[in-house]
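1. Following is a predicted model, sequence given first.
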Amino acid sequence: MPKIFDNIENHLVQGLNNTLEVSYRGDFCVGYFNLRGWKQVAVHIDNLKGDEGNCCRLLIGMQKPPLEIIREYFCKAEHAIIDNQTASTIRKKLAQEFKDQLTIGIPTDEDEIGLRRLSQQIKDKKVIVKLFLRHTLHAKLYLLFRDDKISPIIGYLGSSNLTLAGLLHQGELNVDVLEQDAALKLTKWFEDRWNDRWCIDISGELAEIIDNSRAADRLVSPFHIYLKIAYHLSREARAGLTEFKIPKILQEKLHSFQQKAVSIAAHYLNKRDGVLIGDVVGFGKTLTATALAKIFEEDFFLETLIICPKNLTNMWEDYAHTYQLRAKVLPITQVQSVLPKLRRYRLIIIDESHNLRNREGKRYRAIQEYIQINESKVIMISATPYNKTYLDLSNQLRLFIQEDKDLGISPEKFIESIGGRVQFMAKYQYSATTLPAFEKSSYADDWRELMRLYMVRRPRSFIKQNYAETDPVNGRKYLLFSDGSRSYFPDRVPKKVEYDFNHNDPKDQYAKLYSDTVVDTINSLNLPRYGLGNYLDKKTTLKPTKEETVIQDNLSHAGRRLMGFCRTNLFKRLESSGYSFLVSLSRHILRNYIYVYALENNLLLPIGAQEANMLDEFLDDVDFDNAGTNEGTMKILLDEEGYYAQAKKIYTLYETNYHNRFDWIRSGFFENTLKNILINDSKEILKILKIGKDWNPADDRRLNALYDLCANKYPKGKLLIFTQFSDTAYYLHDELKKRNVHQIECVTGDSEDPTTFAYRFSPVSNNKKEIANARDEIRVLITTDVLSEGQNLQDGHIIVNYDLPWAIIRLIQRAGRVDRIGQKSDKILCYSFLPEDGIEKIIKLRGRLGKRIKENAEVVGSDEVFFDGDPVRIHDFYNEKQGILDEEDDTEVDLASYAYQIWKNATDADPTLKKTIPDLPHVIYATKSLKHEDEKIDDGVVVYTRTADDNDVLIWVDRKGEIITQSQLVILRAAECNPDTTPLFKLDNHHKLVEKGIEHIIQVESTIGGQLGKKSSARYRTYMRLNRHYEEYKGTLFVNDAMKRAIDDIYKFPLKEFARETLNRQLKAGISDEDLANLVVSLRDEDKLCNTKEEEKTYKEPQIICSLGLIKKQP
């Protein structure tokens, strides 16, 4: 009576092993062979001798899916005849299937031992494996031969393949064959197929597959795993290099590092509709963006809208003309009036996009609305996309990323900090994979993870290290141009210009203005115009109009912010020049008296429309004391009556010619004390004006030192002179011109076309060689920071800081104006003006002001670094300390560029790696020691996976399986090693930790998207609209069972591609609920709506790419 093996009462694996234990040979025939299933029988195979007739012969048949078998049955054509080519193809296909088997699932130590044992058994001839190709073979037969006179052959016949499921799990049915006549017939059946011409030995290939897999009995080089991580992380960068071609017109203009940026950015832009080009100052972001726009013009026929600062308009128009770009250039100052009426542009370049960090601004909203309505792709350009908070970044991304867009990643560090995903979902009403979720995070790792999807950024050190060549003569680094010329990386050399300053001399005009009396007076000012909200009369019986209510709200919000800004501005003007300081004070008094005049005569008060959010709308050192009138031509007055008379005239001008420039509010809304405080402040300021009334340019020692620099020290050199204020710039220009300094010009924010001045100062670097050596070429250019953005000025190499900003970053940015590609000099000379004596006076002044602002909680502009960041250390400039003007070691390179460069550098050094690394199988692993800086971290494992949604996920877990970090950049740096890095034996629980890492990843992935996917998907929107429509009209003639069944299908099953495209198109076109319902029912009737078949469901487990153990060095 045969024994039945159903893997319930009797398990086939037990019967097989019991018989194998006393057998000297085995013949197995299976339709499918799972390599990891071999471990169930491997122990007893070891007992076989391994020679002919004393081994296990494994015959593997070909299996086909049921649908393919049916198709072949009904096909009228003759069955294909096997030939050598077909046999070779099938053989390769099966070999690949065996390789793929070893990349599925989570590895275990037991699997590894079993696979290694199988490989060794094949090498010892204890196992021979053949592939039967003549026709499909589904048979499952196990024949075991033993020294037994009664039953020498025992067979097992049934449904079980040589797999874990076949040998152990339910759903199988097998019987043993003890009757010897039947056993002999089965033996003959096996021999016929084993000896068939089209039964091919694949034993060697199988052993090779195992030996090249993660199960191989060898230590894998950690360097290879490091490169495998870099290779896969750089896939978008590599895809961009092959996917897009640099336009011919720009090929010779772009350096190799720029070409890489263009390729990566093109991939991001095409895939995600937006990219931020964030290379540091001086490395050709404008040209990179132009090339990117040109690619999309040539490949996708897109026209470009370029939005830029007003002073860069001409430069962009020049670029568009030079490179034949179909583009319209629009100054950012015109977006509110032009964009609502402008035709569709499907590609938008936003230059200096950091100017759009405030999403409450009118310009921001105008641009955002245009992008959303026209579904435009966006290229943003900024060397400083991040200023004070990470919201600076998200606000720029919000220009083209919808609030509910599923980004596919989430701020893991933040989510972990608040107690996990459950806590996040309980606390916030939006998905963890959206931009609002990231905006809650203050963790750099989270923001790096987000920006790797959208930003291309390479700091100077990265470009210098990876793209520059070294001059063998002097050891200096340089970039090579296509014409063979070189652009060296210059050194920034701080230099000082000293001038006399005797603070003990009562006649010294500088000493007068730096006296304690002046400083104390400024610190004591109430500055009521900049805090009008503090003077609103709460007891007034006047009823405000709608407009006046808005004005009052704005005044209240401004408060001490503007007061701090004003006080700071006055001190900065004092440091800039005595002339600028005195003119500013005079204007301040005049503005006070304009208000005094209005209050005394019960007139409307003029309120600057942008006054309340001035600091946010216009950044850093705006000429706060210039209201746009011609007050600047006024001579300094020293009496109150004169100011009052002038104020009356100007008020009339405001009320008539400039009425629309201001908001107006009735004087009666303010307390009576306002007028008195304005008068008292004016009287105090008048005292300062009387102290400095004898200001004489001939006695201006700092001006004299500047003249000496221009006329004597560098009589032929180009000098770029920076000052913070237009008043100082005009003053210097006029006075130097009077002293016969020729070829000198001045450019400020009031200049119509700053780009023209840049061309005249630096014609060679701007390809305006016709200007070079011409009469109108500029040798000395005096400028405010209006030329601090986007201009090429590298024909010169001498920077002069006539006044010192209060934040070091300002000086570094100024040096960056000439430290750009194409600079010929090996040194950038950065001169700063400092008094021989009295330097402590300036330092003391800055310290006192900082204390005053802190005490009064007055907040200052973004470059006034009192509370964080790096202030200017004047002593360092006085001592000409080297390196103080170098940019910080900016390591914030974008991940794709960083990973690609790792890959490129390695393959350039060893080209064989181009084949070795991609051929490494998935799930492979290695172990190395932690780097010295990471040794405080516990032993652990880095796991690299790719999810079913094609997201790359890296996770680093410690020995207990707890997450150390998921920052891809941090992990990539922790994995860093070189070809000589010693491979170590894996942790005992390496595979268990990999499993823990996968569990974390699955947990995250399972919460992404939800049953219906993201909110912007066609499936989600269709379901929500139809379900609401059904509930609203349920029980009426407008809905029926067919609609309900369609709605249920959408909820249960994913949409077919045709349905998704159709619904997306109709939803975008504004289809009604009723028509949408009819469309969905029609699609369902035609079986075009949902994938309802089980076999079409997507397998969701992440694919393990590789893992790397990181352990402390052993003592």
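-> Structure's in. What do you need? Residues are numbered from 1 along each chain as shown.

2. what's around the residue lying closest to Asp471 once chain neighbours are set aside, how many residues?
-> Excluding the flanking residues, the one nearest Asp471 by CB to CB, 6 or more residues apart in numbering is Tyr478, at 6.0 Å. All C-beta atoms are positioned from the backbone trio N, CA, C, and that covers glycine. By other CB atoms under 10 Å, 17 other residues sit near Tyr478.

3. Please apply the same query to the one 4 residues further on.
-> When neighbours are counted by other CB under 10 Å, Ser482 registers 10.

4. With the one 4 residues further on instead?
-> Other residues within reach of Arg486 by the criterion other CB under 10 Å amount to 14.

5. pretty sure it is touching Tyr478, no?
-> Yes - counting by CB atoms under 8 Å, Tyr478 is a contact partner of Arg486 at 4.3 Å.

6. Which parts of the stretch 601-750 of the chain are helices?
-> Ranges of helices within the stretch 601-750 of the chain are 614-617, 640-656, 673-691, 701-708, 726-738, based on DSSP state H, counting those that start in this stretch.

7. what residues does the longest one touch?
-> For helix 673-691, contacts defined as CB atoms under 8 Å, 6 or more residues apart in numbering pick out 512-513, 515, 517-518, 521-522, 524-529, 532, 535, 582, 585-586, 588-589, 592-593, 595-596, 599-600, 636, 638-640, 643.

8. go again using 7 Å as the cut-off
-> Counting contacts by CB atoms under 7 Å, 6 or more residues apart in numbering, the residues outside helix 673-691 that touch it are 512, 518, 521, 524-528, 535, 582, 585-586, 588-589, 592-593, 595-596, 599-600, 636, 638, 640, 643.

9. What residues of that helix count as buried?
-> Going by neighbour count (16 or more other CB atoms under 10 Å), the buried part of helix 673-691 is 674-675, 677-679, 681-682, 684-686, 688-689, 691.

10. where's the dip in pLDDT among those residues?
-> Across the buried residues of helix 673-691, the bottom pLDDT score, 87, is held by Ile691.

11. how much space is there between that one and Thr290?
-> Separation of Ile691 from Thr290 (CB to CB, to the nearest Å): 54 Å.

12. quick one: which of the buried residues of helix 673-691 is nearest to Asp776?
-> Distance to Asp776 across those (CB to CB) is lowest for Leu689, with 39.0 Å.

13. which residues sit in contact with Leu1055?
-> Each residue near Leu1055 by CB under 7 Å, 6+ apart is listed here: 1018-1019, 1089-1090.

14. Quick check: Asn311 touching Pro754?
-> Yes - using CB atoms under 7 Å, Asn311 and Pro754 qualify as a contacting pair, with a distance of 4.2 Å.

15. Check the contact lists of these two and give me the overlap.
-> Val786.

16. if you count what's nearby, which of these two comes out ahead?
-> When Asn311 and Pro754 are compared for neighbours, Pro754 comes out ahead with 26 against 23, by other CB under 10 Å.

17. my guess is the more buried one contacts Thr784, does it?
-> No - between Pro754 and Thr784 there is no contact under CB under 7 Å: 9.7 Å.

18. anything in contact with each of the two?
-> Counting by CB under 7 Å, 6+ apart, nothing touches both Pro754 and Thr784.

19. how distant is stretch 983-997 from the center of its chain?
-> Its chain's average C-alpha position is 31 Å from that of stretch 983-997, according to CA atoms, centre = their mean, to the nearest Å.

20. end to end, how far does it reach?
-> 22 Å (CA to CA, to the nearest Å).

21. quick one: buried residues of it?
-> Within stretch 983-997, the residues that count as buried by 16+ other CB under 10 Å are 983-984, 986-987, 989-997.

22. Dihedrals phi and psi, the spatially most central residue of the chain?
-> With distances taken as CA atoms, centre = their mean, Met451 lies nearest the centre of the chain, 1.9 Å away. Here is the backbone geometry of Met451 (degrees, to the nearest 10): phi -70, psi -20.

23. what's the answer for Tyr831, then?
-> When read as degrees, to the nearest 10, the backbone of Tyr831 gives phi -90, psi 140.

24. Dump the C-alpha coordinates for the top helix by length along the chain into CSV.
-> When the chain is parsed with DSSP state H, its longest helix is helix 578-600. Taking Å, rounded to 0.1, in the frame of the first residue of the first chain, the C-alpha atoms of helix 578-600 are listed here in CSV:
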residue,chain,number,x,y,z
GLY,A,578,31.0,110.8,7.5
TYR,A,579,29.3,112.3,4.4
SER,A,580,26.9,109.5,4.0
PHE,A,581,26.1,109.5,7.8
LEU,A,582,25.4,113.2,7.8
VAL,A,583,23.2,113.2,4.7
SER,A,584,21.2,110.2,6.2
LEU,A,585,20.6,112.1,9.5
SER,A,586,19.4,115.1,7.6
ARG,A,587,16.9,113.0,5.6
HIS,A,588,15.8,111.4,8.9
ILE,A,589,15.0,114.8,10.4
LEU,A,590,13.1,115.9,7.2
ARG,A,591,11.0,112.7,7.3
ASN,A,592,10.2,113.4,11.0
TYR,A,593,9.0,116.9,10.2
ILE,A,594,6.8,115.7,7.3
TYR,A,595,4.9,113.7,10.0
VAL,A,596,5.1,116.7,12.4
TYR,A,597,3.6,118.9,9.7
ALA,A,598,0.8,116.4,9.0
LEU,A,599,0.0,115.9,12.7
GLU,A,600,-0.1,119.6,13.5
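
25. Done for today, thanks.
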